[in-house]
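>>> 3D, please:
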Amino acid sequence: MSGGCRVRFAPSPTGYLHVGNARTALFNWLFARHHGGTFLLRIEDTDRERTSATYEKEILESLKWLALEWDEGPDRGGAVGPYRQSERMGLYAPWLERLLGDGRAYPCYCTDEELEAERASLLARREAPRYLGRCRDLGPGDRLRMEREGRRPAYRFRVGEGTVEFRDLIRGPVRFDARSMGDFIIVRSNGIPAYNFAVVIDDHFMEVSHVIRGEDHLSNTALQLMLYGSLGWEPPSFAHHSLILGEDRSKLGKRHGSVSVREFRERGFLPEALVNYLALLGSSLEGGREICPPEEMVSRFSLERAGKSGAVFDGEKLRWMNGVYLRQVSPERLLDAASPFLERAGCDPDALGRERVLAVLDALRFNVETLADAVPFLPVFFSPSVAFDPEADALLKKEESKEVVGAFAGLLSRDGKGPYREWAGGASKQTGKRGKALFLPLRAALTGRLSGPELDRVYDLLPLEVLQLRLAEALRT
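Numbers count the residues shown, from 1 in each chain. This is a model prediction of the structure:
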């Protein structure tokens, strides 16, 4: 494909950015960058009751955090704006009039109660719910009578017979029976265009060449293709990727745990790790490698490799991948990402010393998988004393443990803070203890727990007086 493709990500600001929607944004971004095209951001905010400027701001911030920068959008403009549907309301009415004039649309006066009764009747007969056309052939007199009753019409598209067929770039040939769909609403009774109608008009005038979205939109594509045909417009190419599933193979939702980009950010995941993991889900990358920088993801991206079946979200795999990235990022990048967690823990890098904080984070990065995992270890480095957890407390109460701690404390008291390995070796000679019998009591005394960062690095980063205080407290347990 030559350059010039135009793709869009069009979220509705009714909540935080779901990782499934973030994956859709990523696929569009990768496709545009791979083919040298344009990535648009459009905000679909016509649902006045549910949309909010707060959610819109959060969605934009989450996309920027993921480094999925768009070329055109509500905050930077472009030649085919505006990029919020609420600002495009004047564009839809002429096309409704055209469909009405061509007999492809008609006013529908059915009330919610009537529609619900029709739906219940179809379900009772084990038929798919659809609109049966009660208002399809109303005459002018009937319409006037209903309007005098105070009924405000919605407008429906008149679905024909036959089939709707298209070739999906991921799924291959797709076919729908038009008769099973029923006439669908294109403009609501309050004058707001329905999703499928607004999307077709927006995509056409924004010159979108490819629509890449989740498989839950497949049936919408059939409806949109009918509208494209009736308006005489060339439709874009469509690609419907698989959905992200929970471990129970149902659509990933809140019952499965964290589902928004915001939540993963707050749990201490790096954006590059989350992006890498989402790109990997569904095998959209060629070559089989799991850890990929953005430029490699762009070069290896392929819609043809995107899986057709649902991809199960593996939280442990994401944690592992995040741990890999934590060990690879630069110290400055690590400090920048860890700053919110340091702040919440009361650790000010300026007050504590930037170089010392960098050294602490460097020591911790090999023992944690998320930045949040590092928070419980911060007192080990920045507090004078530590609380002993139950396992450490039980170990330190043993006489052989006190013997090791006492020997190590004696060396510090007599000769000062010498090399950790040399002082540990001296304690070993005095007590005859080696391996875990030597190192676990020292770890328990100096960190308050039996696992954590390398003990020699903890030792090197603590002042002599802090080491002596902790050893003395351990001997008093």
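>>> domain assignment for the chain?
6-87+244-312, 89-241, 330-382, 390-475 (automatic domain parsing).
>>> right, and the ones you listed - which one's nearest W320?
Nearest to W320, of all the domains of the chain, is domain 330-382, at 6.7 Å by C-beta to C-beta. Where you see a C-beta, it was placed from the backbone N, CA and C, and this is true even at glycine.
>>> what sits opposite V174 in the beta ladder?
Here V174 shows beta-bridge partners F166, assigned using DSSP bridges.
>>> contacting residues for it?
Counting by C-beta atoms under 8 Å, 6 or more residues apart in numbering, V174 touches 165-168, 218, 221.
>>> any idea which of the domains of the chain gets closest to N322?
That would be, of the domains of the chain and by C-beta to C-beta, domain 6-87+244-312, which comes in at 4.1 Å.
>>> that older thread, out of the contacts of V174, which is most surrounded?
For the contacts of V174, the largest number of neighbours (other C-beta atoms under 10 Å) sits with T221, at 21 neighbours.
>>> nearest residue to it in space, please, no chain neighbours.
Ranked by C-beta to C-beta, 6 or more residues apart in numbering and with sequence neighbours excluded, the top spatial neighbour of T221 is F238, at 5.3 Å.
>>> please apply the same query to L169.
Excluding its sequence neighbours, the residue lying closest to L169 (C-beta to C-beta, 6+ apart) is A239, at 3.8 Å.
>>> mean confidence for stretch 184-192?
Mean per-residue pLDDT for stretch 184-192: 95.
>>> hmm, who's touching it?
Outside stretch 184-192, the residues that touch it by C-beta under 8 Å, 6+ apart are 46, 48, 89, 92, 96, 99, 105, 108, 131, 152-157, 159, 193-194, 196-197, 223, 227.
>>> pull out the buried residues from stretch 25-36.
Buried positions in stretch 25-36, judged by neighbour count with 16 or more other C-beta atoms under 10 Å: 25-35.
>>> out of those, list just those in helices.
25-34 (DSSP state H).
>>> what's the closest of the contacts of V174 to E295?
Nearest to E295 out of the contacts of V174 is D168 (C-beta to C-beta; 28.1 Å).
>>> give the contact list for that closest one.
Neighbour list for D168: 174, 218, 238-240 [criterion: C-beta under 8 Å, 6+ apart].
>>> got it, and E272?
With contact set as C-beta under 8 Å, 6+ apart, E272 has these partners: 67, 293-294, 325, 329.
>>> circling back: mind putting the contacts of D168 into JSON lines with secondary structure, pLDDT and distance to V405?
Formatted as JSON lines, the contacts of D168 follow (DSSP: H, G, I helix; E, B strand; the rest coil; pLDDT from 0 to 100; distance: C-beta to C-beta, whole Å):
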{"residue": "V174", "secondary structure": "strand", "pLDDT": "97", "distance to V405": "70"}
{"residue": "L218", "secondary structure": "helix", "pLDDT": "96", "distance to V405": "66"}
{"residue": "F238", "secondary structure": "strand", "pLDDT": "98", "distance to V405": "68"}
{"residue": "A239", "secondary structure": "strand", "pLDDT": "97", "distance to V405": "63"}
{"residue": "H240", "secondary structure": "strand", "pLDDT": "96", "distance to V405": "63"}
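>>> is it possible to get a markdown table of these that adds distance to R449?
Output for these, formatted as a markdown table (distance: C-beta to C-beta, whole Å):
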| residue | distance to R449 |
| --- | --- |
| V174 | 56 |
| L218 | 52 |
| F238 | 54 |
| A239 | 50 |
| H240 | 49 |
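>>> of those, just say which sits nearest to E116.
L218 (25.4 Å).
>>> hmm, that closest one is touching H241, no?
No. Between L218 and H241 there is no contact under C-beta atoms under 8 Å: 10.9 Å.
>>> export the contacts of V174 to CSV and append columns for distance to R143.
Listed next are the contacts of V174 as CSV, based on distance: C-beta to C-beta, whole Å:
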residue, distance to R143
E165, 34
F166, 35
R167, 40
D168, 39
L218, 34
T221, 32
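>>> and the helix or strand harbouring L274, average pLDDT?
Assessed by DSSP states H and E, L274 sits inside helix 271-280. Regarding helix 271-280, the rounded mean pLDDT is 95.
>>> and the residue nearest to T221, how many neighbours?
22.
>>> same thing with A311?
Residue neighbour count, defined by other C-beta under 10 Å, stands at 21 for A311.
>>> show me what contacts it?
Residues near A311 by C-beta under 8 Å, 6+ apart: 242-245, 281-282.
>>> picking up where we left off before, which among the domains of the chain is found nearest to M321?
Among the domains of the chain, the nearest to M321 by C-beta to C-beta is domain 6-87+244-312 (5.1 Å).
>>> gap between the two ends of the closest one?
Domain 6-87+244-312 has an end-to-end distance of 29 Å (criterion: C-alpha to C-alpha, to the nearest Å).
>>> go on, stretch 323-338?
End-to-end distance for stretch 323-338, by C-alpha to C-alpha: 14 Å.
>>> pull out the buried residues from it.
For stretch 323-338, burial by neighbour count (16+ other C-beta under 10 Å) applies to 323, 325-326, 329, 334-335, 337-338.
>>> next one: stretch 422-429
423-424, 426-428.
>>> pLDDT on that stretch, on average?
Average pLDDT, stretch 422-429: 95.
>>> kindly report the same for stretch 316-333.
The average pLDDT within stretch 316-333 is 95.
>>> roughly how far is it from the heart of the chain?
Offset of stretch 316-333 from its chain centre (C-alpha atoms, centre = their mean, to the nearest Å): 17 Å.
>>> surely E234 is in contact with Y228?
Yes. Counting by C-beta under 8 Å, Y228 is a contact partner of E234 at 7.4 Å.
>>> which one's more surrounded, these two?
Between E234 and Y228, counted using other C-beta under 10 Å, Y228 has the larger neighbour count: 16 against 8.
>>> secondary structure, distance to R136 and neighbour count added to the contacts of A311, as JSON lines?
Below are those laid out as JSON lines (DSSP: H, G, I helix; E, B strand; the rest coil; distance: C-beta to C-beta, whole Å; neighbours: other C-beta atoms under 10 Å):
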{"residue": "S242", "secondary structure": "coil", "distance to R136": "36", "neighbour count": "21"}
{"residue": "L243", "secondary structure": "coil", "distance to R136": "34", "neighbour count": "18"}
{"residue": "I244", "secondary structure": "strand", "distance to R136": "39", "neighbour count": "25"}
{"residue": "L245", "secondary structure": "strand", "distance to R136": "39", "neighbour count": "19"}
{"residue": "L281", "secondary structure": "coil", "distance to R136": "43", "neighbour count": "24"}
{"residue": "G282", "secondary structure": "coil", "distance to R136": "41", "neighbour count": "21"}
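>>> any chance of these in TSV, with distance to A345 too?
Output for those, formatted as TSV (distance: C-beta to C-beta, whole Å):
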residue	distance to A345
S242	39
L243	37
I244	32
L245	35
L281	32
G282	37
